[in-house]
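>>> Okay, here's the prediction I keep looking at, along with the sequence it came from:
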Amino acid sequence: MLVSTNFHTFFKIICCTIVLCVGMLFTTNWTRESGMCQHISMQYIRPLKTRAVAREDHEIFEDTRKALMSVNKSSFNLDSPQTFSTGNNSLTINQTATGEGKKPKITHIAFLKVHKASSTTMQNIFFRFGLKNNLNILLPKRGNYLQKKADQMPIKRPNHYDVFAIHTIYHKSFFDSLLPVDAVKIAIVREPIDRMISAAYYYRDVWHKPYLTRVPRAGFIHNLVKYPEKYEPSFFSDTRNAMARDFGLPNKFKPTDTQGVQNYLQHLNSQFLLVLSVEKIDESLVLMKRLLGWELKEILYVTKNKHKHTPIVLSAYEKSKFRKTSFLDFKIYDYFTNVLDEKLNKMQEDFWKEVNYLKTILKRLNVFCSSNNQSLGIVIAKTNWNDQFSIYKNDCKLMSTNELSFIAKLRARHRQRNS
């Protein structure tokens, strides 16, 4: 009887240990696996402690418990109360950057590159992260747009892609087919009027889009907004419901279909770990850094793909008109910025101190990168949020590399790795 009891006890403890190890390997499922381990402990192991079991049973239990607690403390920050659950993703925010509590990096990331929403800046961040961490970055065979999986560059088996940050239209099944099952999805949104104005000038002046070149230059934006039936009849375009198009929303919705749109956005939200906001880009990046267990240097940036134009101020009537014309973009922006604000409101004082620190470092970075001083670099001292690191002119050059040049560089790297 004693042998049987010992065997069953040992077997259950081993099961608990296996669950913990699986949780460590698949970090995006850490919270769920940890809960399973606790369940097994509550249901099977803890009651054994209160029974008159053999002494060696108790010793096995205590030794295993101490080992598990040791792994817990050294590998994960479980004391933080802030955990985000999104679809199959459940991640705890890392509250520290160095020492105890530092979580493993999340390296499987699919980024929805929303047009004219600082997405090239974000793409550069993800590309640099992939290079630094020796990851496989998914690229199309040509161009900078991926329409279907068959268009991606082939990769040697059993290797897989780790990072995706190329323009495409979002469809869950398509995104899920590109990266490992534990990949997290991230996107970004921008205030719709600012996004439209930026896109209108950019696609008229740089890409010479026909529907935009037909709009009179005098009062360009005002004409585009006031007379959409004349200049912009399409439901989706580069300047009308463009974010909705990138997020894969159908064109069946009408402005009065409030509940239908809300349901669709809730469905989308369940699939994305985080949707950043251009208007709160630094707050968004610090939140992303903590969620993914990244380093401070990995979220630094210089503004990219910025097309200068005359400042535009719309009248109240024009704003109202555009809100009706591009109603889906406003719905998307309002929804996801509210979700982001809810997450930010849960952050503690240390988070906001890190945001201010990031802003300070970005100012130093921009001064250094824009200067002609060919000094060796600048050193960023160790803090509660980062280990010491240096920034060199080569870092500035990589941060300033335009999209097509960066993709060409990555293609050459990919061919070399898969030849």
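Nice, thanks for sending it over.

>>> Distance from the chain centre to the strand ranked longest in the chain, please.
Looking across the chain with DSSP state E, the single longest strand is strand 184-189. Centre-to-centre, strand 184-189 and its host chain are 5 Å apart (Cα atoms, centre = their mean, to the nearest Å).

>>> same check, this time on stretch 326-335
The answer for stretch 326-335 is 20 Å, by Cα atoms, centre = their mean.

>>> Quick one: residues contacting I407.
139, 144, 166 (Cβ atoms under 8 Å, 6 or more residues apart in numbering). Just so you know, the C-beta spots here come from the backbone N, C-alpha and C atoms, and that holds for glycine as well.

>>> List the residues that contact M122.
Going by Cβ under 8 Å, 6+ apart, M122 touches 111, 113, 165, 188, 276, 301.

>>> Next one: the first one relative to F272, how far apart?
Same thing as F111. As judged by Cβ to Cβ, to the nearest Å, F111 and F272 stand 10 Å apart.

>>> surely N144 meets F406?
No: N144 is beyond contact range of F406, at 9.5 Å (criterion: Cβ atoms under 8 Å).

>>> Using CSV, lay out the contacts of I407 together with distance to T120.
What follows is the contacts of I407, written out as CSV (distance: Cβ to Cβ, whole Å):
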residue, distance to T120
L139, 15
N144, 10
I166, 11
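
>>> circling back: sheet partners, orientation included, of the longest strand of the chain?
strand 109-111 (parallel), strand 274-277 (parallel) (DSSP bridges).

>>> Would you map the helices across the stretch 101-250 of the chain?
Under the criterion DSSP state H, counting those that start in this stretch, the stretch 101-250 of the chain carries helices at the ranges 119-132, 172-178, 192-205, 210-213, 220-226, 228-231, 242-246.

>>> burial of C396, as a residue count?
As a burial measure, C396 scores 18 neighbours (other Cβ atoms under 10 Å).

>>> Kindly apply the preceding question to M243 instead.
Around M243 sit 27 other residues, with neighbours defined as other Cβ under 10 Å.

>>> Give the closest residue to it in space, chain neighbours not counted.
Spatial nearest neighbour of M243, excluding adjacent residues (Cβ to Cβ, 6 or more residues apart in numbering): D329 at 4.7 Å.

>>> and that neighbour, how far is that from N338?
Note on D329: its distance to N338, by Cβ to Cβ, is 15 Å.

>>> do T325 as well
Taken as Cβ to Cβ, the span from T325 to N338 is 22 Å.

>>> Looking at those two, which has the bigger crowd around it?
Counted by other Cβ under 10 Å, T325 and N338 do not tie: T325 has more neighbours, with 22 against 9.

>>> got a pLDDT number for the nearest residue to the more buried one once chain neighbours are set aside?
Leaving aside its sequence neighbours, T325 sits nearest to P228 (Cβ to Cβ, 6+ apart; 4.8 Å). In the prediction, the pLDDT value recorded for P228 is 95.

>>> Numbering from 192 from now on, please.
Happy to do that; since the first residue is 192 now, the last one works out to P419.

>>> do you know how far P419 is from Y402?
To Y402, P419 is 11 Å away according to Cβ to Cβ.

>>> what does F518 give?
To Y402, F518 is 20 Å away according to Cβ to Cβ.

>>> More neighbours: those two, which one.
It is F518, of F518 and Y402, that has more neighbours when counted by other Cβ under 10 Å, with 21 against 16.

>>> Next, the contact list for the more buried one, please.
Contacts for F518 (Cβ under 8 Å, 6+ apart) come out as 432, 446.

>>> Could you report the neighbour count for Q539?
Neighbourhood size, Q539 [other Cβ under 10 Å]: 12.

>>> Please apply the same query to K499.
What K499 shows, counting by other Cβ under 10 Å, is a neighbour count of 6.

>>> circling back: okay, N335 and F597: which has more neighbours?
Per other Cβ under 10 Å, whichever of N335 and F597 has more neighbours is F597, with 21 against 16.

>>> How is the more buried one assigned, secondary-structure-wise?
Applying DSSP: H, G, I helix; E, B strand; the rest coil to F597 yields a three-state assignment of helix.

>>> Contact partners for it?
Listed by Cβ under 8 Å, 6+ apart, the contact partners of F597 are 314-315, 318.

>>> Please apply the same query to R514.
Counting by Cβ under 8 Å, 6+ apart, R514 has contacts 383, 521.

>>> what helix or strand does it sit in?
Assigned by DSSP states H and E, R514 belongs to helix 507-516.

>>> do V452 as well
Secondary structure from DSSP H and E places V452 in helix 449-460.

>>> same for that helix, what does it pack against?
If you count contacts as 3 or more Cβ pairs under 8 Å, 6 or more residues apart in numbering; DSSP states H and E, helix 449-460 packs onto helix 518-536.

>>> so for the helix it packs on, what's the average pLDDT?
Mean pLDDT, computed over helix 518-536, is 98.

>>> So which bits of it are buried?
By neighbour count on 16 or more other Cβ atoms under 10 Å, the buried set for helix 518-536 is 518-524, 526-528, 530-531, 534-535.

>>> that older thread, contacts made by the helix holding V452 with the rest, please.
By Cβ under 8 Å, 6+ apart, helix 449-460 touches 277, 438, 440, 444, 466, 519, 522-523, 526-527, 530.

>>> For it, list every residue counted as buried.
Neighbour counts over helix 449-460 (16+ other Cβ under 10 Å) mark 452, 455-456, 459 as buried.
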